[in-house]
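Undergrad: quick one: sequence plus predicted model below, questions after.
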Amino acid sequence: MGNRYVRLLVLTLAVGATLAIAAGPAFAHGYRGANKQALIQAAATYLGVTKADIKDAREQGESLAQLAVAKGKTVQGLTAALVAAGKASINKALAAGTITSAQATAKTAALPAQVQRLINATGESGGCSHGDSDSSGFHR
C-alpha cells in the first residue's frame, strides 16, 4: 500500500508541475486583461491626441468619455475602438502562448466591462486599483 501512495504523490506532483508550467507565462507577465497600453494607444489614435494629452485630461478630472465628446467624437466610437484594440491584444497574447484559449475567452468576455471602467474613470487611477501607474496616468 505504501508504494501506491508514493505513486499517487508523484503523479499529483507531476500534474501540478505541468499545470504550473502551462500557466506560468500568463502569471509571469502579470497579464490581467487586455493590454492597457494598447487600449490607451487606441484611445489616443481614435481621439487624435497623444497619450500625454490623455494623462493631462485625466489629471484634470476628465474621463475618456468626456474627452471624446470634447474632441467631437462619440463615446460609442471610442468604445468600439478600445474593444477592437483589446481583442487584438488578447489574440496577440493567445498567439504568443502567454495565455490559454480558456483565458482568452474569459478575458474577451470581460473586455466590455474593462473598457467601460477605463472610459468612465477619472484621475490617475485609470479605472483600476492595482499595479504601477504608467506615463499615461493609467495603471499597468
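TA: The structure has been received and is ready for your questions.

Undergrad: and Ile90, how far from Thr98?
TA: 10 Å (CB to CB, to the nearest Å). C-beta: built from backbone N, CA, C; applies to glycine.

Undergrad: between these two, which one's more packed in?
TA: Ranked by neighbour count (other CB atoms under 10 Å), Ile90 and Thr98 place Ile90 first, with 24 against 17.

Undergrad: I'd like the average pLDDT over the helix or strand containing the more buried one.
TA: Here Ile90 sits within helix 75-96, counting by DSSP states H and E. Taken as a whole, helix 75-96 carries a mean pLDDT of 96.

Undergrad: so which bits of that helix are buried?
TA: Using 16 or more other CB atoms under 10 Å as the test for burial, helix 75-96 gives 75, 78-79, 81-83, 85-87, 89-90, 93-94.

Undergrad: show me which pair in these is furthest apart.
TA: Using CB to CB, the two most remote members of these are Val75 and Leu94, lying 28.2 Å apart.

Undergrad: picking that back up, closest one of the buried residues of helix 75-96 to Asn120?
TA: Val75 (9.1 Å).

Undergrad: excluding sequence neighbours, find me the nearest residue to the closest one.
TA: Nearest non-adjacent residue to Val75, counting by CB to CB, 6 or more residues apart in numbering: Ala65, 4.8 Å away.
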